[in-house]
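1. Generate a structure from the sequence data that follows.
(one chain, ligands or ions: 1)
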Amino acid sequence: MQQTLFLRRLEEVLGPLAAAAIACMGADRRVGLWGNPLRGEPEESLASISQQVPGVERTPWHAQAATAPPESRTAITHSPLVDCGAVYVQSLSSMLAPLALGVQPGEEVLDLCAAPGGKTLHLAAALRGEGYLAAVEAVRGRFFKLKDNLARCGAEGLVRLFQADGRDVGRKTPGRFDAVLLDAPCSSETRVDLRQSDALGYWSEKKIAESARKQKALLRSAIDATRPGGRVLYCTCTFAPEENELVVAHVLRRLKGKVGLEPIALPIANQAPGLTHWRGKELPAELAHTARVLPTDKMTGFFLALLRVID
Ligand SMILES: C[S@@+](CC[C@H](N)C(=O)[O-])C[C@H]1O[C@@H](n2cnc3c(N)ncnc32)[C@H](O)[C@@H]1O
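-> Numbering: from 1, shown residues only. Here you go, the predicted structure:
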């Protein structure tokens, strides 16, 4: 029953691209690896791990990324290079978010939903020791996981950590940041493994609606925390339009004239523009500037939107 509804929704969202996406959701995927510049030379770290694990391939569009065969996952997670943080296991899709935000040294940056901190590490590395990075996480256990992870991976002292509700941050620090990453909590549809019998145990349309409510409040807060001229990268790992284009459409409508969408240029072929209509309703045409990453044997599905706060 849940599976039928889930698949029917996917077909509604992705149309003719759904069959390929569904096939990837029931297959093993290559393991994404990031050579962490905060813990040595990425080039050397990736070369070392490819000596330990056969079949590591560099990623043409990202100088610090590689993938390894699915069957090497256990060997990789037990590697001393992963243990000391020189190599970080992370999906290639996740690496697109900090890339699209394009943080420069000297900027004031906020990561609003940060744990376990994979993307915080990219932001810290991009600042090259100049500027300011704040990371917020609401859930206590995950906050401590974030703290430990950043220390293990060489970002201790580079990030100010706050255990707080991201929905309050915009009100407390209005107009402060040059760049904000909002990697929102979501229904995580793109992580569903259709081979598992309980894969959709926690999934429902009600949960999607609950997530969307929280995402709208978080995105409002992210925008409020951004200085005029600054930018917000909103992303999720779900296919649900209610948590993606509809969240962005909501803030564009509510904050008309205060915020706009920038085209996202992703260096990958497996992408589609965001939806401009859903279930018979027209959405703002500029939603075509958002991007949907389509799942492959190397990448999980993802959604990204780059918003610019108008001067
Ligand atoms: C998608 S995960 C972030 C993953 C992270 N960016 C990374 O790359 O490692 C979303 C995070 O938001 C946290 N979260 C949920 N509600 C929140 C809120 N109201 N304020 C801040 N963080 C929240 C969740 O606990 C979770 O750790």
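2. Where is the longest strand in the chain?
-> strand 226-236 (DSSP state E).
3. roughly how far is it from the heart of the chain?
-> Centre-to-centre, strand 226-236 and its host chain are 14 Å apart (Cα atoms, centre = their mean, to the nearest Å).
4. The stretch 1-150 of the chain: strands as residue ranges?
-> 31-35, 57-58, 65-68, 87-89, 108-111, 132-137 (DSSP state E, counting those that start in this stretch).
5. Which among those is found nearest to the ligand?
-> strand 132-137 (5.2 Å; Cβ to the nearest ligand atom). From N, CA and C alone the C-beta is placed, and that goes for glycine too.
6. wait, A63 sits on P42?
-> Yes - judged on Cβ atoms under 8 Å, A63 makes contact with P42 at a distance of 7.2 Å.
7. residues in contact with P116?
-> By Cβ atoms under 8 Å, 6 or more residues apart in numbering, P116 lies in contact with 142, 145-146, 149.
8. Who does W278 form a beta bridge with?
-> Beta bridges link W278 to K281 when assigned by DSSP bridges.
9. That one is in contact with P241, isn't it?
-> Yes - between W278 and P241 there is a contact under Cβ under 8 Å: 4.7 Å.
10. which of the two has more neighbours?
-> Neighbours per residue (other Cβ atoms under 10 Å) separate W278 from P241, with P241 holding more: 25 against 17.
11. Roughly how far does I223 sit from the ligand?
-> 15 Å (Cβ to the nearest ligand atom, to the nearest Å).
12. should've said V251
-> 16 Å.
13. doesn't that residue fall inside a helix?
-> Yes - assessed by DSSP: H, G, I helix; E, B strand; the rest coil, V251 belongs to a helix.
14. what pLDDT does T190 get?
-> If you check T190, the pLDDT there is 96.
15. Find the nearest non-adjacent residue to it, please.
-> With Cβ to Cβ, 6 or more residues apart in numbering as the criterion, T190 has its nearest non-adjacent residue at 3.4 Å, and that residue is G301.
16. can you count the residues close to that neighbour?
-> Counted with other Cβ under 10 Å, G301 comes out at 26.
17. cool, and R176?
-> 18.
18. again, but for P267
-> 12.
19. Wasn't it part of a strand?
-> No - counting by three-state DSSP, P267 is not found in a strand; it is coil.
20. so where do the helices sit in the stretch 101-250 of the chain?
-> For the stretch 101-250 of the chain, applying DSSP state H, counting those that start in this stretch gives helices covering 118-127, 140-152, 169-172, 205-224, 245-254.
21. give the contact list for the closest residue to E282 other than its chain neighbours.
-> Residue nearest to E282 in three dimensions, not counting chain neighbours: T276, with 7.1 Å by Cβ to Cβ, 6+ apart. Applying Cβ under 8 Å, 6+ apart, we find T276 in contact with 245, 282-285, 287-288.
22. Find me the pLDDT at T276, would you?
-> 98.
23. so how far is L287 from it?
-> Remark: distance between T276 and L287 (Cβ to Cβ, to the nearest Å) = 5 Å.
24. What is the burial count for the closest residue to A212 other than its chain neighbours?
-> The shortest distance from A212 to any non-neighbouring residue, by Cβ to Cβ, 6+ apart, is to E242 (4.6 Å). E242: 19 surrounding residues under other Cβ under 10 Å.
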